[in-house]
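Visitor: following is a predicted model, sequence given first.
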Amino acid sequence: MEDFHKTRRLPPYVFEQVNRLKASARSRGADIIDLGMGNPDLPTPKAIVDKLVEVVRDPRTHRYSSSRGIPGLRRAQAAYYARRFGVKLNPETQIVATLGSKEGFANMAQAITAPGDVVICPNPTYPIHAFGFIMSGGVIRSIQAEPDDGFLPALERAIRHSIPKPLALILNYPSNPTAHVASLDFYKDVVAFARKHELIILSDLAYSEIYFDGNPPPSVLQVPGAMDVTVEFTSMSKTFSMPGWRMGFAVGNERLISALTRVKSYLDYGAFTPIQVAATAALNGEGSDIAEVREIYHRRRDVMVDAFGKAGWKIPAPAATMFAWAPIPEPFRHMGSLEFSKLLIEKAEVAVAPGVGFGEHGDDYVRLALVENEHRIRQAARSIKRFLATSGAPADNVIPLSARR
Ligand SMILES: Cc1ncc(COP(=O)(O)O)c(C=O)c1O
C-alpha cells in the first residue's frame, strides 16, 4: 500500500530496529541490560501517587477536564518558574498544561507552521523537534553546533542561506542526546539574535532539574525581552519520575501560548483531573522528591563513567540529563551507530540508543540512558569489557583515573 503524504515523511524509527533485536535476544533467554530508551525506571514518589488515588475516588473528577489545565495547576507552574528562575508568568495567558511536553511541542508546531516554513533545529536532537515540524508541513534546516562560540556563526549561516526566512529556532539544553548545557550568556546572545531576525524560539527544558555539578540549568526566559519571542516546554516526566502520567507545560509568549491553547481546545479535554491535581501537589511540594531523583541519577552517572572507563570505553561525564553521549570506540566507529548498537546487543547483551536516531550528525555516538541501577550498570561495563577484549579492539582509549572527573 502507498504511504500517505505525511507518513512518507516519517522514516522508520531507527530505535525500532534495536528494540526488535532486543526482544528476540530476550526471547532466547538473554538478560539484556537496557540503557537504550530514556524511560525513567524510578517509581513516582508515594505522596504524588497517594494524591492521585485520593482524588480519583471523587466522581466529580471523572468528567472531562480542562484542556489548558486546571487553574491551580497553572498557578503551581507559575510559582515554580518564579521560585526556580525568577521569571514571572501570568497563569491565565502565559501558561498551558500539555499532555507531556512532547504533545505540547508537536501541537505548537502544528499551530504555527504554514507549508514550507523553515525551522532551524540542532542535529543531533530529540526526534520530535524536527518531526513535529515535518508533520506540520515545515522544512528543517539543521545546524550542527553546541551551545558555545560556534553556535551563533552557524545560526547566521542558516539564516543567510534559508529562503524563506526561518520561522523558528529550536533549543534544547540540557540536550537530549548530547547532554550539553547552555549558559545564561549563551541565551542572551541567542535572544538578541532572534529578536533582530524575528525568529520564534522554542526551548525544550525537559531536563531542568536533572543536573549534577551544582549549577542548575537556566531558562531562556530569564533573559530580559525573551518573552517577546519565546515559548519554553517543561516536563514532569523526568523531574518527578512521572513519564506515564503525561504531564508537561508550555509557557511564555502570550500570542504563541494562545495559538497552542486554541489548537489544543479542538483536540483534547486535558489530562484526567486526578492527574492534574496530583501534578499540582507535586509542583507545590518542598522539593525533596526532586533532590532524591537527581541524586540517584548522579550516582549512576559516576558509576557509569568510572566502570565503562575501566572497561576500556572512555565516556565523557554528562553535566546534566539522564544520558551519556558516548563516542563509539575507535575500532568500531566505521560501522556507524546502528550496526554498533546491534553488535552490543548480540555480543555484550547491552542495549543502547544509536546516535543516528537523533540525526545524521549523531552517527559517531551512542546514547546510554541512566535507567538501570548501579549494580546493573557495573554488570554492563563488565560485559562490555569482555566484548572489547574478545573483539581484539585495542584498549587505547582507556583514560587514567586521575584524568577523569
Ligand atoms: C528533550 C526531551 N523533550 C521532551 C521529552 C518528552 O517528555 P514528555 O514525557 O514530557 O513528553 C523527552 C523525553 O525523553 C526529552 O528527552
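Guide: Received it, and whenever you're ready, just let me know what you need. Residues are numbered from 1 along each chain as shown.
Visitor: what about the closest residue to M108 other than its chain neighbours, neighbour count?
Guide: Setting aside the residues directly before and after it, M108 is nearest to L260 in space (CB to CB, 6 or more residues apart in numbering), at 4.9 Å. No exception for glycine: its C-beta is placed from N, CA and C like everyone else's. Using other CB atoms under 10 Å, L260 has 23 neighbouring residues.
Visitor: and R160, by the same measure?
Guide: Residues near R160, counting by other CB under 10 Å, number 7.
Visitor: and the gap between it and the ligand?
Guide: Going from R160 to the ligand by CB to the nearest ligand atom, to the nearest Å gives 28 Å.
Visitor: ok, S162 - contacts?
Guide: Shown in contact with S162 (CB atoms under 8 Å, 6 or more residues apart in numbering): V118, I120, R141.
Visitor: before we move on, the earlier item: helix, strand, or coil at the residue nearest to M108?
Guide: Put simply, L260 is helix when judged by DSSP: H, G, I helix; E, B strand; the rest coil.
Visitor: isn't it right up against N107?
Guide: Yes: with contact defined as CB atoms under 8 Å, L260 and N107 form a contacting pair (6.0 Å).
Visitor: the helix or strand that contains R294 vs the ligand: in contact?
Guide: With elements taken from DSSP states H and E, the one containing R294 is helix 288-311. No: shown here: helix 288-311 not in contact with the ligand (CB under 6 Å from any ligand atom), separated by at least 13.3 Å.
Visitor: once you drop chain neighbours, what's closest to the spatially most central residue of the chain?
Guide: In the chain, the centroid-proximal residue (CA atoms, centre = their mean) is N176; its distance is 4.5 Å. Once flanking residues are discounted, N176 sits nearest to Y126: 4.7 Å by CB to CB, 6+ apart.
Visitor: wait, that neighbour sits on Y207?
Guide: No: under the criterion of CB under 8 Å, Y126 makes no contact with Y207, lying 10.4 Å away.
Visitor: what residues are shared contacts of those two?
Guide: Residues touching both Y126 and Y207 (CB under 8 Å, 6+ apart) are N176.
Visitor: just the CA coordinates of the helix or strand of the chain with the lowest mean pLDDT, formatted as PDB?
Guide: Across the helices and strands of the chain, mean confidence by mean pLDDT, DSSP states H and E is lowest for helix 14-27: a mean of 91. C-alpha atoms of helix 14-27 as PDB (Å, rounded to 0.1, in the frame of the first residue of the first chain):
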ATOM      1  CA  VAL A  14      15.700   3.600  14.000                       C
ATOM      2  CA  PHE A  15      15.200   2.600  17.600                       C
ATOM      3  CA  GLU A  16      12.700   0.100  16.500                       C
ATOM      4  CA  GLN A  17      15.400  -2.000  14.800                       C
ATOM      5  CA  VAL A  18      17.300  -2.100  18.100                       C
ATOM      6  CA  ASN A  19      14.100  -2.900  20.000                       C
ATOM      7  CA  ARG A  20      13.400  -5.800  17.700                       C
ATOM      8  CA  LEU A  21      16.800  -7.300  18.200                       C
ATOM      9  CA  LYS A  22      16.500  -6.700  22.000                       C
ATOM     10  CA  ALA A  23      13.200  -8.600  22.000                       C
ATOM     11  CA  SER A  24      14.500 -11.500  20.100                       C
ATOM     12  CA  ALA A  25      17.600 -11.800  22.300                       C
ATOM     13  CA  ARG A  26      15.300 -11.700  25.400                       C
ATOM     14  CA  SER A  27      13.100 -14.400  23.900                       C
END
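Visitor: ok, the helix or strand following that helix: who's next to it in the sheet?
Guide: Sequence order places strand 33-34 as the next helix or strand after helix 14-27, per DSSP H and E. Here strand 33-34 has these sheet partners by DSSP bridges: strand 350-351 (parallel).
Visitor: what's the partner strand in contact with?
Guide: Under the contact criterion CB under 8 Å, 6+ apart, strand 350-351 has outside partners 18, 22, 32-36, 341, 344-345, 380, 383-384.
Visitor: and stretch 20-37, how far apart are its ends?
Guide: End-to-end distance of stretch 20-37 (CA to CA, to the nearest Å): 13 Å.
Visitor: how about stretch 210-229?
Guide: Stretch 210-229 has an end-to-end distance of 26 Å (CA to CA).
Visitor: tell me if it is near the ligand.
Guide: No: shown here: stretch 210-229 not in contact with the ligand (CB under 6 Å from any ligand atom), separated by at least 10.0 Å.
Visitor: what's the average pLDDT for that stretch?
Guide: Across stretch 210-229, the average pLDDT comes to 96.
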